[in-house]
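S.K.: predicted coordinates and the sequence they were generated for:
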Amino acid sequence: QLQASGGGLVRPGGSVRLSCVVSGPGFGRLAIAWFRRAPGKKREVVTCVTMFGRSAHTADSVKGRFTVSRNNAENTVYLQMSNLKDEDTAVYYCAAADGCYNIAYEYDDWGPGTQVTVSS
């Protein structure tokens, strides 16, 4: 099971860190991705972290602003979001798979999502 947290209301230009805690065995063999769905838009991949801790499939719109990392000792993946913009407003989901993919259906397990609202 995956549980995302850390969302909330943030001012433009601000920062927030999302966490995704993964329960159960085998965390070290999983790739974890972050997706988001903005109001009226399709779900899109934000970024992914491989089992080796490398990022993959980072969306152009967040490059240089968002950083993904993982702590295998805590079964947790983080998404550090900086210089937030209004268009980053969305529900953010974490998802697990055996590798990093940019297609949602490749992910077997999903968390319930956490809302991030960027507004002044």
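M.R.: Sure thing, it's come through.

S.K.: just the strands from this structure, written as ranges.
M.R.: Listed in chain order, the strands of the chain (DSSP state E) span 2-5, 8-10, 16-22, 31-37, 44-49, 55-56, 66-71, 76-81, 90-97, 109-110, 114-118.

S.K.: averaged pLDDT, the fourth one. What do you get?
M.R.: So that's strand 31-37. Mean pLDDT, computed over strand 31-37, is 98.

S.K.: pull out the buried positions in that strand.
M.R.: Along strand 31-37, these residues count as buried under the neighbour rule (16 or more other CB atoms under 10 Å): 31-36. (Each C-beta comes from the backbone N, C-alpha and C, glycine too.)

S.K.: just want the angle from that strand to strand 16-22.
M.R.: If you take axes from the mean of the first three to the mean of the last three CA atoms, to 10 degrees, strand 31-37 sits at 130 degrees to strand 16-22.

S.K.: helices or strands up against strand 31-37?
M.R.: With contacts taken as 3 or more CB pairs under 8 Å, 6 or more residues apart in numbering; DSSP states H and E, strand 31-37 sits against strand 16-22, strand 44-49, strand 66-71, strand 76-81, strand 90-97.

S.K.: so can I have a markdown table of those strands showing mean neighbour count?
M.R.: Formatted as a markdown table, the helices and strands packed on strand 31-37 follow (neighbours: other CB atoms under 10 Å):
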| stretch | mean neighbour count |
| --- | --- |
| strand 16-22 | 19 |
| strand 44-49 | 22 |
| strand 66-71 | 19 |
| strand 76-81 | 22 |
| strand 90-97 | 23 |
